[in-house]
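> Quick one: sequence and predicted model below, then my questions.
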Amino acid sequence: MKNIKYIVVFAVLIATGKLFAQQDPALTMYQYNMNIINPAYAGSSGDTELNLHIRNQWTDIDGAPETQSFSFVKPLGDRIGIGFSVVNDKYHITKETNYTADFSYRLQLSEKSDLYLGVKAGAYTLNVDFNSLGILGDPSFDANVSRTNGIFGAGAYLKADKFYATLSIPNFLNGDRVERADDGYTEATDRIHLYAGAGYTFDLSENFELTPSVMGRFVEGVPASVDITAMVNMYHMVEVGASYRWDDSISGFALVRAADWIQFGYSYGATTSALNTYSGGTHEIMLRFRFNASK
C-alpha cells in the first residue's frame with residue numbers, strides 16, 4: 001500500500017507539473033530576501049542584510065522540494081549595492097546549488113523615488129542521482145549526472161515613498177539539465193523565469209500599516225504562478241500576513257522583531273490541489289539580520 005501511495009502522489013505531481021517543471025524554488029516570504037530573484041534589490045533598503053531561509057514543501061511526501069538559502073546585501077555609498085546568495089534546492093533525485101553575486105546601481109528619479117538597476121552573475125551545480133532509483137538494465141538510468149552551468153541575470157527595482165515595483169529575469173542562460181518526461185528522464189535546458197510584482201503600503205494608523213502586493217512568475221511551457229499577499233505591520237515589531245498562490249496554495253506567515261537587528265519569521269502553507277490529501281503542508285523558517293549602514 002505504501003508503494004501504491006507514492007505512485008499515486010508522483011502521478012499527481014507529474015500531471016500538474018508542480019515538481020518536475022519547477023526549476024527555481026518559489027518562496028512564500030520572498031519579500032525579505034528579494035535579491036535572490038532580483039539583483040537590483042541589493043542595497044535598496046539602505047541597510048546591510050543577512051538572511052537565512054529554509055523551506056520544506058509538501059512535507060510527508062518523499063522527494064518533495066526542500067530549499068535552503070543564504071543571502072547577503074550591502075549598500076556601498078549612496079548609489080551602489082552589492083549582494084551574494086547561495087541557494088540549495090533538492091527535489092526527488094535532483095540537487096541544485098546556486099552561487100551568485102549581485103550588483104545594483106541607483107538612479108534618482110525624484111525626491112521620493114529611485115530606480116535600481118542590477119545584474120546577477122554566478123554558476124550552479126546540478127546533480128541527478130539515478131543510481132538511487134535502483135533501476136537495472138535501462139540505459140536511461142545507468143549513470144548519474146553532474147554538471148555546472150553559468151548564471152547571468154538582470155533586474156529593475158522601483159522604490160517610492162509607499163510603492164515598489166520589481167521586474168527581473170534571474171538567469172538568461174540556457175544551461176543543460178535533466179527533466180522528467182512521461183516516458184522517463186530526458187535532456188533539457190534551463191527555462192527563462194520572468195518575475196514581475198508590485199506593492200503599496202497604506203497607513204492604517206500611527207502604528208499600523210497594511211501592504212498588499214502581487215508577484216507573478218512566468219516560465220515558458222508552465223502555467224503562470226501568481227502570489228497575492230496582504231501584510232500588516234504592527235508597531236514596527238510584528239508583521240503578519242496571508243498569501244494566496246493562484247490555483248496552488250494558501251499560506252499564512254509572521255515576522256517578529258526580537259531586537260532592532262534581528263527578526264524571526266515562519267510561514268505555513270496548505271496546497272489547494274489534489275496533493276492536499278498526501279501533503280502535511282509547506283513550512284518556511286527565516287532568520288534575518290539587519291544593520292543600519294549609517295551606523
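It's in.
> just for the stretch 151-295 of the chain, where's the confidence low?
177-189, 293-295 (pLDDT under 70).
> 80 instead?
Regions of the stretch 151-295 of the chain meeting the criterion pLDDT under 80 cover residues 175-190, 273-279, 293-295.
> could you measure residue 125 against residue 175, distance?
11 Å (C-beta to C-beta, to the nearest Å). The C-beta positions use only the backbone N, C-alpha and C, and glycine is treated the same way.
> for residue 34, same thing?
From residue 34 to residue 175 the distance is 23 Å (C-beta to C-beta).
> In terms of neighbours, single out the busier of those two.
Set residue 34 next to residue 175 and count neighbours by other C-beta atoms under 10 Å: residue 34 wins out with 28 against 17.
> My guess is the more buried one contacts residue 166. True?
Yes. Using C-beta atoms under 8 Å, residue 34 is in contact with residue 166, at 6.8 Å.
> Confirm that residue 124 sits in a strand.
Yes. Assessed with DSSP: H, G, I helix; E, B strand; the rest coil, residue 124 lies in a strand.
> what about residue 168, neighbour count?
Neighbour count of residue 168, defined by other C-beta under 10 Å: 25.
> who's in contact with the nearest residue to it once chain neighbours are set aside?
Of all residues not flanking residue 168 in the chain, residue 155 sits nearest, at 3.0 Å (C-beta to C-beta, 6 or more residues apart in numbering). Counting by C-beta atoms under 8 Å, 6 or more residues apart in numbering, residue 155 makes contact with 37-41, 117-118, 120, 166-170, 195.
> which one among these gets closest to residue 213?
Ranked by distance to residue 213 (C-beta to C-beta), the contacts of residue 155 are led by residue 166 at 9.6 Å.
> Got phi/psi on that closest one?
Main-chain torsions, residue 166, degrees, to the nearest 10: phi -130, psi 140.
> which ones are touching residue 208?
Residue 208 touches 232, 233, 234, 235, counting by C-beta under 8 Å, 6+ apart.
> One more: residue 226?
Residue 226 is in contact with 214, 215, 216, 217, 245, 246, counting by C-beta under 8 Å, 6+ apart.
> Across the sheet, point out what pairs with the third one.
Spelled out, that is residue 216. Note on residue 216: beta-bridge partners by DSSP bridges are residue 196, residue 226.
> thought it was touching residue 197?
Yes. Using C-beta under 8 Å, residue 216 makes contact with residue 197 at a distance of 6.4 Å.
> In terms of neighbours, single out the busier of these two.
Using other C-beta under 10 Å as the criterion, residue 216 and residue 197 rank with residue 197 on top: 22 against 15.
> Please save the CA atoms from stretch 274-291 in PDB.
In PDB, the C-alpha atoms belonging to stretch 274-291 read as follows (Å, rounded to 0.1, in the frame of the first residue of the first chain):
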ATOM      1  CA  ALA A 274      -5.200  17.200  -5.100                       C
ATOM      2  CA  LEU A 275      -1.800  17.000  -3.200                       C
ATOM      3  CA  ASN A 276      -3.600  18.100  -0.100                       C
ATOM      4  CA  THR A 277      -4.600  14.500   0.600                       C
ATOM      5  CA  TYR A 278      -1.000  13.400   0.900                       C
ATOM      6  CA  SER A 279       0.900  16.600   2.000                       C
ATOM      7  CA  GLY A 280       1.500  17.700   5.600                       C
ATOM      8  CA  GLY A 281       1.800  21.300   4.400                       C
ATOM      9  CA  THR A 282       4.700  23.600   3.500                       C
ATOM     10  CA  HIS A 283       6.900  25.200   6.100                       C
ATOM     11  CA  GLU A 284       9.300  28.100   5.900                       C
ATOM     12  CA  ILE A 285      11.600  29.400   8.600                       C
ATOM     13  CA  MET A 286      13.600  32.600   8.200                       C
ATOM     14  CA  LEU A 287      16.200  34.300  10.300                       C
ATOM     15  CA  ARG A 288      17.000  37.900   9.300                       C
ATOM     16  CA  PHE A 289      19.800  40.100  10.500                       C
ATOM     17  CA  ARG A 290      19.700  43.800   9.600                       C
ATOM     18  CA  PHE A 291      22.100  46.600  10.400                       C
END
